[in-house]
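[1] sequence first, predicted coordinates after that:
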Amino acid sequence: MIGNTLDMINSTSWAISLLAIVIGRIGIVNTMIMSVYERTREIGVLKAVGWKKRRILGMILGESIVLTVTSGIVGSIIGVIGIEILKTINILSSQMVPVYTINIFLQAFGIAIFVGLIGGFYPAWRASKLQPTEALKYE
Amino acid sequence: MNNKNIVKIENLEKSYENGNIKVLNGIDLEIKEGEFVSIIGPSGSGKSTLLNMLGALDIVDNGKINVANYDLTKKKNLDEFRSEKIGFIFQLHNLIPNISVMENVEIPMYETKLSGKQRTNKALKLLNDVGLKDKTKTKPTKLSGGERQRVAIARALANDPAIILADEPTGSLDSRSGKKILELLNDLHKEKNVTLIIVTHDMNVAKLADRIIEVLDGKILKSNDNSFLNEDINC
Ligand SMILES: Nc1ncnc2c1ncn2[C@@H]1O[C@H](COP(=O)(O)OP(=O)(O)O)[C@@H](O)[C@H]1O
Ligand SMILES: [Mg+2]
């Protein structure tokens, strides 16, 4: 009986984590796509002055990594602070003990960077294939 | 100016929207190395499209186009061509707003062998030449229209291009800053012997050139040596 209840709590918390991950990833991809899309015109300028596709992609991917790692760090800090606040105001029941394992952080970072790269790469690749005049038309 | 052609175009055609908008309808044009040419014609006649073809900013549909010994119909090494042979100046300058003037001028040099230090020195020299020595750290958004266009000129010169292409470079400037920009371009053409091709609808600008090319409906109407000019065209 007790085992069953624990199982349920476990799977519920797992489902919540999964939901958080999915929402978070969609957020990252969306942010990356938008931020690269907004820079289509800038990519047009770089093409017009002779930058190779490879250099443009490299620049965008480099920035994507910096952006996602920074957000990963900020996100982790906010997460820990949030949990500590919950702990001090005693809102967590006695059965809920927050644990931070290095694995959780590594996983979070790994996924964030991977997803950030995909979100940055796709629009950058599309924009770098445009003719410079086409890219320069974007507002 | 010597007698070698740096631009050779034969029967060039370009259309947009899957061929529904025909913009260039068979352009034939030769331009000599070191020549200063202006392209005039009413709005929508295809001047910018022609200039974009010359700078490989867009691909051609049909015809032959050879610029600085690159066959631009081949769609190969166009980035190298743009980087080494062309300096482009746009009507609305197209500077990158969130980086400094200095960095904007350095941008084309990333595709060259120059070191970071050499890039910086060259950008400094170019900005000095266009009279913007004290604005190197400024963002383009903080500059006047004329100053931005001078940054664009410095950027166009970054890789010592063989040809400078300018699309209405004074079109959005007041007449005083416009005059200054033209003087800069004219000096450049004289001192460095670069080939200079300017699109304009201002006859006063066009008159500075060795030759005026008139475009109408995507065709070249006439190509006049500047000496006949005053009888021929009334703008
Ligand atoms: N990318 C494009 N897509 C569709 N139509 C275009 C495009 N670029 C230019 N045109 C059309 O081609 C014609 C010539 O344009 P353009 O070369 O800019 O003329 P100009 O510079 O002489 O004013 C115009 O009718 C313009 O609307
Ligand atoms: Mg135009």
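    Arrived safely, thanks for sending. Ligands and ions are numbered 1, 2, ... in the order given.
[2] just checking, residue B:135 touches residue B:147?
    Yes. Counting by C-beta atoms under 8 Å, residue B:135 touches residue B:147, with 6.7 Å between them. Heads up, the C-betas are built off the backbone N, CA and C, glycines and all.
[3] find the nearest non-adjacent residue to the residue of chain A found nearest chain B, please.
    Taking C-beta to the nearest C-beta as the measure, chain A has residue A:50 as its residue closest to chain B, at 2.5 Å. Taking C-beta to C-beta, 6 or more residues apart in numbering or on different chains as the measure, residue A:50 lies nearest to residue B:83, with 2.5 Å between them; neighbours along the chain are not counted.
[4] check contacts around the one you found.
    Residues in contact with residue B:83 (C-beta atoms under 8 Å, 6 or more residues apart in numbering or on different chains) are A:49, A:50, A:51, B:108, B:111, B:112, B:159.
[5] 7 Å instead?
    Contacts for residue B:83 (C-beta atoms under 7 Å, 6 or more residues apart in numbering or on different chains) come out as A:49, A:50, B:108, B:111, B:159.
[6] can you redo the residues you listed as a markdown table with neighbour count and pLDDT?
    As requested, the contacts of residue B:83 are exported to a markdown table (neighbours: other C-beta atoms under 10 Å in any protein chain shown; pLDDT from 0 to 100):
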| residue | neighbour count | pLDDT |
| --- | --- | --- |
| A:49 | 25 | 97 |
| A:50 | 29 | 96 |
| B:108 | 28 | 98 |
| B:111 | 20 | 96 |
| B:159 | 21 | 96 |
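[7] just curious, which of those is nearest to ligand 1?
    residue A:49 (19.9 Å; C-beta to the nearest ligand atom).
[8] in contact with the closest one, which residues?
    If a contact means C-beta under 7 Å, 6+ apart, then residue A:49 has B:82, B:83, B:107, B:108, B:155 as its contacts.
[9] cool, and residue B:4?
    Under the criterion of C-beta under 7 Å, 6+ apart, the neighbours of residue B:4 are B:32, B:33.
[10] now do residue B:194
    When contacts are counted by C-beta under 7 Å, 6+ apart, residue B:194 touches B:161, B:162, B:163, B:164, B:188.
[11] tabulate those (TSV), appending neighbour count.
    Converted to TSV, these look like this (neighbours: other C-beta atoms under 10 Å in any protein chain shown):
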residue	neighbour count
B:161	23
B:162	19
B:163	23
B:164	24
B:188	20
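[12] shaky segments in the chain?
    No chain specified, so I'll use chain A. Flagging of chain A using pLDDT under 70 yields the residue ranges A:1-3, A:91-96.
[13] think we crossed wires, I meant chain B
    Scanning chain B with the threshold set as pLDDT under 70 gives B:1-2, B:226-235.
[14] flag every residue of it that's near chain A.
    By the rule C-beta under 7 Å from any C-beta of the partner chain, the part of chain B lying against chain A is B:52, B:57-59, B:79, B:82-83, B:88, B:94, B:96, B:107-108, B:110-111, B:155.
[15] how distant is the one helix or strand residue A:103 maps to from the center of its chain?
    Counting by DSSP states H and E, the element that carries residue A:103 is helix A:102-129. Its chain's C-alpha centre and that of helix A:102-129 lie 7 Å apart, by C-alpha atoms, centre = their mean, to the nearest Å.
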